[in-house]
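**Q** Okay, predicted coordinates and the sequence, questions at the end:
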Amino acid sequence: MSAQLKSSSEGQTMVLTLSNPGRRNALGPAIYAAGIEALNVAETNPDVRSVILTGGEGMFCAGGDLNRLQANRQQPPEVQAQSIDQLHGWIESIRAFPKPVIAAVEGAAAGAGFALALSCDFIVAASDAVFVMSHGQVGLSPDGGASWHLTRSLPRQLASELLLGGERIGAPRLHALGLVNRVSEPGHALDTAHALARQLNGKAPNVLTSGKELLESGTHNTLHTHLAEERGHFVRNLHHPNAGIGIAAFLNRQTPEFE
């Protein structure tokens with residue numbers, strides 16, 4: 001069976017499941033394209049308020065398909081460059097997606113699979129899940145934005161341990177370091193991710209979009225520029241119907257039902 005990205009829904013959450021049986025859900029161009037298409041569909045569907053990315057058969061993702069990469073060594077370099085551009089297009093689409101994206105990790109997230117999890121807004125992982133930048137084990141360097149995310153999230157020495165040393169790191173340690181949001185019992189990462197998604201689905205969608213945009217721009221803005229961006233978002237959201245709903249509900253000690 002070929003690699004594919006399965007799509008399903010539960011309530012207001014779209015679930016995207018990496019599926020590549022026998023190859024530990026290894027990634028490839030078909031999955032990259034399907035991932036971008038799925039997010040495009042979810043973005044325009046008001047019934048979808050969050051997305052969960054997970055893997056089938058108790059495994060998140062082993063990263064790139066080594067058989068395909070070995071074959072690509074016999075092709076012009078442009079072939080692999082195009083493939084990585086497709087992966088990076090998916091990574092950028094996750095970062096730019098205006099709704100929350102949650103990675104639900106069981107088993108291992110290795111190589112580009114680790115990078116894929118890092119690109120999500122939240123990571124939920126089973127207590128026995130492991131994360132590893134495995135590129136160096138096969139003579140390769142990182143892709144998928146892993147080095148970008150890790151150098152912004154961890155001290156240099158720890159990022160070096162992961163990127164250069166290829167050390168395996170467990171979900172509890174990443175949770176302590178702030179990279180994993182929730183740790184679940186083994187086999188229950190998806191259930192825990194759904195619980196988090198339901199919590200997020202109850203928030204005002206326009207406010208979540210503003211939050212994602214501000215988190216993204218905050219990595220490079222000066223304080224002066226960022227304060228101006230915050231002002232723009234705040235004023236725009238104050239005049240959105242959801243602010244009226246939220247303020248009235250709070251004053252009346254009710255639970256808001258945002259549009």
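**A** Received, thanks.
**Q** Mind telling me which residue is nearest the centre of this protein?
**A** Central residue check for the chain by Cα atoms, centre = their mean: the C-alpha nearest the mean position is that of C120, 1.7 Å away.
**Q** helix/strand/coil for that residue?
**A** coil (DSSP: H, G, I helix; E, B strand; the rest coil).
**Q** thinking it is in contact with A104, fair?
**A** No - in this structure, C120 is not within contact of A104 by Cβ atoms under 8 Å, at 9.3 Å. No exception for glycine: its C-beta is placed from N, CA and C like everyone else's.
**Q** which residues are common contacts for those two?
**A** Common contacts of C120 and A104 (Cβ atoms under 8 Å, 6 or more residues apart in numbering): L53.
**Q** on that earlier part again, now the residue nearest to the centre of the chain: how far from S2?
**A** Distance of C120 to S2, computed by Cβ to Cβ, to the nearest Å: 24 Å.
**Q** now the worst-scoring helix or strand of the chain on mean pLDDT: how far from the chain's centre is it?
**A** Across the helices and strands of the chain, mean confidence by mean pLDDT, DSSP states H and E is lowest for helix 66-72: a mean of 90. Distance of helix 66-72 from the chain centroid (Cα atoms, centre = their mean, to the nearest Å) equals 25 Å.
**Q** buried residues in it?
**A** R68, L69, N72 (16 or more other Cβ atoms under 10 Å).
**Q** contact partners of the helix or strand following it?
**A** Scanning forward in sequence from helix 66-72, with DSSP states H and E defining helices and strands, the next element found is helix 77-96. Applying Cβ under 8 Å, 6+ apart, the contact partners of helix 77-96 are 27-29, 32-33, 35-36, 39-40, 53, 69, 72, 101, 112, 115-116, 119-120, 143-145, 216.
**Q** For helix 77-96, buried residues please.
**A** Neighbour-count burial for helix 77-96 [16+ other Cβ under 10 Å]: Q80, S83, Q86, L87, H88, W90, I91, S93, I94, R95.
**Q** just for the protein, where's the confidence low?
**A** 1 (pLDDT under 70).
**Q** Show me where it has its strands.
**A** 4-10, 13-19, 50-55, 101-105, 108-110, 122-126, 130-132, 169-170, 182-184 (DSSP state E).
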